[in-house]
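S.K.: quick one, fold the following:
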Amino acid sequence: MLRVESLETAYGTSQVLFGLSLEISEGEMTTLLGRNGMGKTTTVRSILGLTRARGGAITFRGKRIEREAPDRIARAGIALVPEGRQIFPNLSVREHLEAFAGNRSGRKDPWTPEKVLDLFENLRRRKEHMGNQLSGGEQQMLAIGRALVTNPYLLILDEATEGLAPLVREEIWKCLERLRAAGQTILVIDKYLERLVRLADRHTIIERGRVAWQGSSSELDADRGLWHRYLGV
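M.R.: This next block holds a predicted model:
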């Protein structure tokens, strides 16, 4: 579904990505791992057209997108749950979901605002509350729901469980398990490796803007030295 080949990205004169490559197949959950500052978010920004790639190719569903505008990439069916959630403070939960609702992938049984409220009962109870009245965990649920109602081909989650209480984090993991079981294609950036090796199919570890390792969950789980070498855990 997504192929990134020899990606080069910079901010001004400061280069961040150096020939990074990765692939995501349809229906697969893949992770992008690495310590802070290694280029994970820059990779996501490049895929979404928010930071223009200086070299390499990004192909989504058979079409090159590295020169497309971010709105066109979003309409093509890539949805982001951004780091920091970026919830609109003056929109209610219901208004968030209704404003973003659409069926970009043409699903026969699409995600709707009502289905998202079924997925996250906390949001149903708070559906008339404004974004700035929600807890951090509720905002994260809303950010996921806001992405889901676009019915994307590819869902990207950047630090989806960062800063959340353990019970809320567990609810997010269960949501991802459900989405994976339903065949949603997902790219996850997160640091909780114990959960990721149980959830995801494949992993890419980056170090200073380059791919340091790629492999399956079973391979990553079997080599805990990789965790310490590249992820600092």
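
S.K.: list the contacts of the strand or helix carrying Ala143.
M.R.: Using DSSP states H and E, the element containing Ala143 is helix 136-148. For helix 136-148, contacts defined as Cβ atoms under 8 Å, 6 or more residues apart in numbering pick out 79-82, 85-87, 93, 96-97, 100, 111, 113, 116-117, 119-120, 122-123, 126, 131, 134, 155, 157, 160-161, 163-165, 168, 171-172, 175, 179. For every residue, glycine as well, the C-beta is placed using N, CA and C.

S.K.: what about burial for those residues, which qualify?
M.R.: Among these, the ones that count as buried by 16 or more other Cβ atoms under 10 Å are 79-82, 85, 87, 93, 96-97, 100, 111, 113, 116-117, 119-120, 122-123, 126, 131, 134, 155, 157, 160-161, 164, 168, 171-172, 175, 179.

S.K.: so which of these are in helices?
M.R.: Those of the buried ones among the contacts of helix 136-148 mapping onto helices are 93, 96-97, 100, 113, 116-117, 119, 122-123, 168, 171-172, 175, 179, per DSSP state H.

S.K.: got the phi and psi for the nearest residue to Leu2 once chain neighbours are set aside?
M.R.: Nearest non-adjacent residue to Leu2, counting by Cβ to Cβ, 6 or more residues apart in numbering: Ile24, 4.3 Å away. Main-chain dihedrals, Ile24, degrees, to the nearest 10: phi -130, psi 120.

S.K.: tell me how far Ile24 lies from Glu114.
M.R.: 29 Å (Cβ to Cβ, to the nearest Å).

S.K.: looking at those two, which is more packed in?
M.R.: Taking other Cβ atoms under 10 Å, Ile24 and Glu114 do not tie; Ile24 has more neighbours (23 against 12).

S.K.: ok, that one touching Thr43?
M.R.: No: Ile24 lies out of contact with Thr43 (Cβ atoms under 8 Å); the separation is 11.8 Å.

S.K.: most widely separated two among the ones in helices among the buried ones among the contacts of helix 136-148?
M.R.: Distance extremes for those: the farthest pair is Phe100 and Val168 at 21.9 Å, using Cβ to Cβ.

S.K.: I'd like to know how many residues surround Arg224.
M.R.: Counted with other Cβ under 10 Å, Arg224 comes out at 11.

S.K.: same thing with Glu138?
M.R.: Neighbourhood size, Glu138 [other Cβ under 10 Å]: 21.

S.K.: Lys63 versus that one, what's the distance?
M.R.: 36 Å.

S.K.: swap in Gly56?
M.R.: 15 Å.

S.K.: can you check Asp71 too?
M.R.: Distance, Asp71 to Lys63, by Cβ to Cβ: 15 Å.

S.K.: which parts of the protein are strands?
M.R.: 2-11, 14-24, 29-33, 55-60, 63-64, 78-81, 154-158, 185-189, 202-207, 210-216 (DSSP state E).

S.K.: closest one of the ones in helices among the buried ones among the contacts of helix 136-148 to Ala10?
M.R.: Within those, proximity to Ala10 (Cβ to Cβ) peaks at Phe100, which comes in at 31.1 Å.

S.K.: list the contacts for Leu7?
M.R.: Leu17, Gly19, Leu20, Ser21, Thr43, Ser46, Ala53, Gly55, Gly56, Ala57, Ile58.

S.K.: and it, what are its bridge partners?
M.R.: Beta-bridge pairing for Leu7 (DSSP bridges): Leu20.
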